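# Sharing a model prediction with you, sequence too.
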Amino acid sequence: MALLQVNFNSATMHRKVPMQVILPSDPVTSRSGLFRTLCLLH
């Protein structure tokens, strides 16, 4: 499993915004080959 912690500049909010991404080591993919994604916005 990999944990990515990223700070990026948001043009909409005019400030730095933190983002965390958790990538499983053995991802379950759909037929299209893309990662299944769950976005938590708060």
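Structure's in. What do you need?
# From here on, just use CA atoms for contacts and neighbour counts.
Noted.
# mind showing which ranges of the protein have poor pLDDT?
Filtered on pLDDT under 70, the chain yields the residue ranges 26-30, 32-33, 41-42.
# So which residues of the protein form strands?
Taking DSSP state E as the criterion, the chain contains strands spanning 2-10, 15-23.
# Need the ones you listed in TSV (columns: distance to Cys39).
Shown next, in TSV, are the strands of the chain (distance: least, CA to CA, whole Å):
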stretch	distance to Cys39
strand 2-10	14
strand 15-23	9
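# Let's have the ones you listed in JSON lines, adding mean neighbour count and distance to Leu38.
Converted to JSON lines, the strands of the chain look like this (neighbours: other CA atoms under 10 Å; distance: least, CA to CA, whole Å):
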{"stretch": "strand 2-10", "mean neighbour count": "10", "distance to Leu38": "15"}
{"stretch": "strand 15-23", "mean neighbour count": "11", "distance to Leu38": "10"}
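# I'd like to know which of those lies nearest to Phe35.
When the strands of the chain are compared for distance to Phe35 using CA to CA, the nearest one is strand 15-23, at 9.2 Å.
# Can you tell me the closest non-neighbouring residue to Leu3?
Ile22 (4.7 Å; CA to CA, 6 or more residues apart in numbering).
# That neighbour against Leu4, yeah?
Yes - between Ile22 and Leu4 a contact is recorded at 6.4 Å, counting by CA atoms under 8 Å.
# Okay, and the beta partners of the residue positioned nearest the centre of the chain?
Most central in the chain under CA atoms, centre = their mean is Val21, positioned 3.8 Å from the mean C-alpha point. Beta-bridge partners for Val21, by DSSP bridges, are Leu4.
# tell me the contacts of it?
Shown in contact with Val21 (CA atoms under 8 Å, 6 or more residues apart in numbering): 3-5.
# Check the contact between Arg15 and Asn9; I expect there is one.
Yes - using CA under 8 Å, Arg15 is in contact with Asn9, at 5.7 Å.
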